[in-house]
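>>> from the sequence below, what's the structure:
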Amino acid sequence: MRVPNPNKMIPATKAKPCPVCDGDHKCSRTADHLLLCGRNNGPVPGFRHLGPAKDPTWHLYRADNDPLNPRRKPPTKPTEKSPMPATTPNTDAPKPAEWIDPNPALLAHLKLPPSFPVGVTFAPHPDGGWTFDEVNGDGETVGKLHRLADGQKRMTTGSQRGLYLTGGLFDGSGPVYVVEGASDTIALHGLGLTAVGRPSARGGGAHLCKLLSGLHPTRPVTVVGENDRAADGKWPGWDGAEAMARTLADALPNPVGYTFPISAFKDVRDWVSQLTFRNETPKAAEFAKKAIARYLDGGVRRVEPKKKREKTFVSADGWPLALPASKLIELADRPTRWVWEGFLARGCVTLLSALPKCGKTTLLSGLLAGLDKGGAFAGKPLSVGRAVVISEEDGGLWGDRAKELGIGENVRFCCRPFAGRLTGDQWEAFCKHAADTYADADLIVFDTLANLWPVKDENSATEVGNALLPLAGLANERAVLLIHHLRKSDGAEGTAARGSGALAAGVDVMLELRRVKGSPAGDRRRCLTGLGRPNGVPNEWIVERQDDGMYTGRDPDADGGRAERVERREKKADDRRDELRAAVKAILAEKKLPMTRKELWESLPEDLRVNEVKFRELLEGEVGESWKREGEKGAGGGYLYQPLAGS
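Next comes the predicted model:
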């Protein structure tokens, strides 16, 4: 959809003459109905004279009924409105917020402070309650909604659904919040935030596209949904907010996204009420404004226009096309969209491995609790989001954790979903089902992977690789976290995860959780070691669980800790090498016979038979210095070793 430029001049024609002077040339107007007349330079009945343009040949006017007229005043203070006739919609333009005095009865009904300006046009209803005007994209009243004191709502016969419009929409430079319903519009407007109300979760899209086309293109537009879970388990407020954001993103040049209130509140009216109704002071209202704006803006999920969302890099028959380097550079320039910075990124699969009972699920639980409010978790920024956990554990265990940590409604659990191990086809179907059913999720977790996926032989690269393919598709637009186990023998450089190396090769980020070396029993500190494709994955990060279940975190290198650890490791390696060298020399001196490598290895004390590779390196590296080597035969190594003369 092409969006009109609000600053583009549209010349007057015979078909559409100038409304001010009725001329068919010399005059013009803009897309937001600002009139430039070349024949008048003073007051004109029915219009507001705004003065000369930059070129004084033209003078600026706005019609008296133009909702964008910033200084329009009523001839008299409005009185109570009579109900709109059943068959004739009222087409009067909505009145700016300053026309309407606060209504104590309405605000008390909404549980909002009595000093709040209502903002939207309304009138008392003869049957009790209130009648709200709904307007179209041009600001013309097209319908009336009756809200009775008992909460019931009904539309006047002949009405059309429209928007709830407040004054000051085109003033300022901050976000415009597109909320659901009149009460949410009043609540945000009362705090001093710019709000437009839509009639329902998915309604009013065409009117919004037209109305908001007059905004400056740099102003963000944020659709605010509601936390309203239906009886069938679906969340229409969430789905509707995302759908509306996609509609606006396709129509407007502005940055568009969607977000939601804290999960404890159904909607923003409930949220504002809790923060201000029982503590009506300017300080409380200012605090509520800052807190709500910070939360809403911090949790925005940006939506790209459809042209950018379309799969433009595939051929007509669906096969991927080779891309020039310039396209790849464009992709590389896009910033990584982190859910948890450094560890969980949208579009990426993260593998978190640890030994049993090391704290994997405990760390996950704290992370899930933090998703409701966002901010920081374990010393790294955490965005507000929704998560789905596919778990091998009983729902009661997760219920206990949710109660203890305050995990909110933004996290859903699918506990013990399978009666037995799935086949490959069933696994692929389940991943597709999860992608469709949990389309609003920012994070999907599999805990633990080994008990959920269809792999029977973890050491089979073919099985592991095939099982990872559906997970890559599931990670589209969201982060996927796989909880797994380390090998008993551990490992380094991303080789510690249990099973085939295809698992480490097939994920985007590898995290390994270990106890801090040398820490005493009961120490809550853990070391997260990271390797990954996205920039920003920390090599090491120390996390520590607090009494409230949350985590703090720090960079172990910040205070020179890495240098100390490297020095300790090098000293330990040198000591072990000296000990091993002395043991080999003692065995050769005692036997006084040439010995093969195998014989020497088997003769070492058990505590030194730890790493045969290091032993071989030592044996070959010390030839000529600590012992001599001769011959090309001998079982278990091919060479024979014996003491140096005189040793």
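>>> where do the strands of the stretch 451-600 of the chain begin and end?
For the stretch 451-600 of the chain, applying DSSP state E, counting those that start in this stretch gives strands covering 479-485, 509-515, 525-532, 540-545, 551-554.
>>> what does the third one rub up against?
By C-beta atoms under 8 Å, 6 or more residues apart in numbering, the surrounding residues in contact with strand 525-532 are 342-343, 348, 350, 358-359, 363, 493-494, 508-517, 519, 537-545, 556. All C-beta spots, glycine's among them, are computed from the backbone N, C-alpha and C.
>>> and the buried ones among these, selectable in PyMOL?
Provided next is the PyMOL selection string for whichever of the contacts of strand 525-532 are buried by 16 or more other C-beta atoms under 10 Å:
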select buried, resi 342+343+348+350+358+359+363+494+508+509+510+511+512+513+514+515+537+538+541+542+543+544+545+556
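>>> these two touch, right, residue 162 and residue 145?
No - with contact taken as C-beta atoms under 8 Å, residue 162 and residue 145 are classed as non-touching, separated by 9.1 Å.
>>> those two: who's more crowded?
It is residue 162, of residue 162 and residue 145, that has more neighbours when counted by other C-beta atoms under 10 Å, with 28 against 21.
>>> how near is the more buried one to residue 551?
Distance, residue 162 to residue 551, using C-beta to C-beta, to the nearest Å: 48 Å.
>>> what would the strands of the stretch 451-600 of the chain look like in TSV with mean pLDDT?
Shown next, in TSV, are the strands of the stretch 451-600 of the chain (pLDDT from 0 to 100):
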stretch	mean pLDDT
strand 479-485	94
strand 509-515	92
strand 525-532	90
strand 540-545	91
strand 551-554	91
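>>> what residues of stretch 573-592 count as buried?
Buried residues in stretch 573-592, counting neighbours by 16+ other C-beta under 10 Å, are found at 580, 581, 583, 584, 585, 587, 588.
>>> distance of residue 425 from residue 500?
Counting by C-beta to C-beta, the gap between residue 425 and residue 500 amounts to 21 Å.
>>> same for the longest helix along the chain, what does it pack against?
Scanning the chain for the longest helix, with DSSP state H as the assignment, gives helix 561-591. With contacts defined as 3 or more C-beta pairs under 8 Å, 6 or more residues apart in numbering; DSSP states H and E, the secondary structure elements packing on helix 561-591 are helix 597-603, helix 612-621, strand 627-630, strand 640-643.
>>> how long is stretch 532-543 from one end to the other?
With C-alpha to C-alpha, to the nearest Å as the measure, the first residue of stretch 532-543 is 19 Å from its last.
>>> check the offset of that stretch from the chain's centre.
The offset between the C-alpha centroid of stretch 532-543 and the centroid of the whole chain comes to 19 Å, using C-alpha atoms, centre = their mean, to the nearest Å.
>>> same check, this time on stretch 294-301
When C-alpha coordinates are averaged (C-alpha atoms, centre = their mean), stretch 294-301 and its chain have centres 9 Å apart.
>>> what residues of it count as buried?
Buried residues in stretch 294-301, counting neighbours by 16+ other C-beta under 10 Å, are found at 295, 296, 299, 300, 301.
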